[in-house]
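Q: I would like to see how this sequence folds:
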Amino acid sequence: QIEAKMGCCSSDSGADSPSSMIRQSINYPPGYEHTSNSVMAPVNRIPRGGPEFVCPFCRRALSNVLVERQEHIARCEKKRTGPQIDPCLAMLQNIYGISGNESIPYMAYKKNIGVDKRVSWGVSKKGVLSLAYAQELIGMNLEAAKVLPTEDKQLWLYLYVEQQKKVVNRGNESTSAEPIPLLIERKNFMRDSYNQFRTTTDLNLRKDVKISFMDEVSQDAGGLIKEWFSIIMNGFFDSKFGLFRTAGTTNLSYVINEFSAEYRKEHLEYFLFAGQVLAKALFEKIPIKAYLSKIIFKDILKIELVTDDMQFYDEEIWKSIKFIQSHKLQADEDVGTFTVTLVNPTNNEQSVVDLKENGKDIKIDESNKGEYITLLLEYYTKKCVAMQLKNLRVGFYSLLPETIISALDPDEFELFLCGGNAINMEDWKANTVYKGTYNSQDPVILNFWQAIEKLSENEKETFLQFCTGTRRVPPEGFQGLRAANGKINPFCVEPHPYTSKVPPLIVAHTCFNKIELPPYPDLETMERCIKKIANSPYLFQFTLE
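A: Numbering: from 1, shown residues only. Have a look, this model is predicted:
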């Protein structure tokens, strides 16, 4: 295990120091040598007749004596503007929000499947992350990544994201680091977002996105992009918008609407846009409320569907299929023909579709029921929505290609995209920091948590959105809460003094997961103010950022 340090100084030159361990773990390419604690310099050789080594900084000839050569290079190195660190360590610092002298706690995921087929995840401490192992993950190919534990896949994905961000910000001269500006009018939220994505010249989704709302005084330090994701996902799944519809399942989920063209002529372009938004949320590590059917996750991952996957599309159709599979059909038994009946939700008109040529004339019997089930599954999950699914994939792959996202299974995909299943109050409390005069036992803080615990699940999600900009908990739980820059940033509560007779509302800084909590005098006042926020459809009116 390596406790890596940024900017390792010369005092860390001991054989067992963190800097020496980092040096030992790095495989330098041919032609390079590690000349000091923080630099990897090329070995510059001079043609025969000249000195064997030159200084990589001042280009002067160096002594053939190793100690003298190292002393000279060390002096030149001190003149540089700042210390250099291993690229992998720099990426880990960005991912976990740590400084160079901190160890990185590593969490393990455990998948649990309930009796209702719903998947939940448990999180436990695994140990301390090794820098050497992170370096190994960077060079790992897709096939090797597919068999990694869930937590290692997550780090593998995040390291890829950091590499892509590095290309945009520093590594590619042809790519500007200027963010993508979106100016949104709230009453035309979907149209404005879609049009600006569509018309932006040389759209590079690896860049940051900066949101501005018309007629609102706000500065997007990252909180507004969280709000943008939340609102736009609600728009995508709005039944009036027509892109998705609810699946015929007990647990709420959404499938592609086969009649999406009836709602808007540019529906395919909107599916492309939806794919871009989903990928961008995962790219930025912002959990979103996207109750997509497992069928859609499998399609993006290019995983073949099986008969039992119909239960994630329509439970009644799935039960009918199971009956036909398990029941031996008699010659005089009528269970239908090779057709499906669709109902257009815009006008309630019915249409009958043949699953194969002259399907309406082919009766389902014992000899052909297998073919019928195969054609039925293919039609509902692929054929009738083929172009919509294709555009959704193309949009998603434009940021996170198939060669990366295919390392995940459908449940891991949903976990990383949507975050945890529910708000765990003990987890929230345990991963909260207090500033100013507040501490965990302060009467104001005790009332604060008691008031939140009395909220319904939906109200808790709304209040969480008010505080952090998103209704969803990160995959790791509250310990994985991130600031706008993508780094770990715990939920923070600090005092908000007031002198007026009427107590002010709580002020939220969603960019930093921080709230300013007034010292309300009693539980009743605390409950009233929190309840007002948790039931407001206009959270942006209360937040500072």
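
Q: Give the burial count for D116, as a bare number.
A: By other Cβ atoms under 10 Å, 8 other residues sit near D116. All C-beta atoms are positioned from the backbone trio N, CA, C, and that covers glycine.

Q: Now do it against Q70, distance only.
A: Distance, D116 to Q70, by Cβ to Cβ, to the nearest Å: 65 Å.

Q: again, but for F463
A: Separation of F463 from Q70 (Cβ to Cβ): 58 Å.

Q: what's the answer for S320, then?
A: According to Cβ to Cβ, S320 and Q70 sit 77 Å apart.

Q: Same check on L342?
A: 77 Å.

Q: Ok, G127 next?
A: 35 Å.

Q: What of E178?
A: Per Cβ to Cβ, E178 is found 42 Å from Q70.

Q: what does A145 give?
A: 39 Å.

Q: which ones are touching V343?
A: Residues near V343 by Cβ atoms under 8 Å, 6 or more residues apart in numbering: E349, Q350.

Q: so what's it bridging to?
A: For V343, the beta-bridge partners under DSSP bridges are Q350.

Q: Any regions of the stretch 1-150 of the chain where pLDDT drops low?
A: Across the stretch 1-150 of the chain, residues meeting the criterion (pLDDT under 70) sit at 1-54, 56-59, 77-85, 100-101.

Q: whoops, I mixed them up, the stretch 301-450 of the chain
A: Counting by pLDDT under 70, the stretch 301-450 of the chain shows no low-confidence range.

Q: Please, where are all the helices along it?
A: 315-326, 369-381, 386-397, 402-405, 410-418, 425-430, 443-453 (DSSP state H, counting those that start in this stretch).

Q: And the helices in the stretch 101-250 of the chain, which stretches?
A: Taking DSSP H, counting those that start in this stretch as the criterion, the stretch 101-250 of the chain carries its helices at 131-138, 142-146, 150-166, 189-199, 223-236.

Q: would you list these in JSON lines and tack on mean neighbour count and distance to D208?
A: As requested, the helices of the stretch 101-250 of the chain are exported to JSON lines (neighbours: other Cβ atoms under 10 Å; distance: least, Cβ to Cβ, whole Å):
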{"stretch": "helix 131-138", "mean neighbour count": "18", "distance to D208": "23"}
{"stretch": "helix 142-146", "mean neighbour count": "13", "distance to D208": "26"}
{"stretch": "helix 150-166", "mean neighbour count": "20", "distance to D208": "9"}
{"stretch": "helix 189-199", "mean neighbour count": "16", "distance to D208": "14"}
{"stretch": "helix 223-236", "mean neighbour count": "21", "distance to D208": "8"}
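
Q: Dump those into JSON lines; add distance to V65 as well.
A: Compiled in JSON lines, these are given as follows (distance: least, Cβ to Cβ, whole Å):
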{"stretch": "helix 131-138", "distance to V65": "32"}
{"stretch": "helix 142-146", "distance to V65": "45"}
{"stretch": "helix 150-166", "distance to V65": "38"}
{"stretch": "helix 189-199", "distance to V65": "61"}
{"stretch": "helix 223-236", "distance to V65": "56"}
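
Q: Those: which one's closest to S367?
A: With Cβ to Cβ as the criterion, S367 lies closest to helix 142-146 of these, at 38.6 Å.

Q: Tell me the gap between the closest one and the middle of its chain.
A: The chain centre lies 20 Å from the centre of helix 142-146; the measure is Cα atoms, centre = their mean, to the nearest Å.

Q: Neighbours of R118, how many?
A: Look at R118: counted by other Cβ under 10 Å, it has 11 neighbours.

Q: Surely it is in contact with N251?
A: Yes. With contacts counted by Cβ atoms under 8 Å, R118 reaches N251, the gap being 6.0 Å.

Q: And stretch 353-362, what's buried?
A: The neighbour-count check on stretch 353-362 (16 or more other Cβ atoms under 10 Å) flags D354, L355, G359, I362 as buried.

Q: separation between K294 and D308?
A: 10 Å.

Q: Who has more neighbours out of those two?
A: For the pair K294 and D308, the greater number of neighbours falls to K294 (22 against 12), based on other Cβ under 10 Å.

Q: pLDDT score for that one?
A: Note on K294: pLDDT of 95.

Q: so who does it touch?
A: Residues counted as contacts of K294 (Cβ under 8 Å, 6+ apart) are S253, D309, F312, P410, D411, E414.
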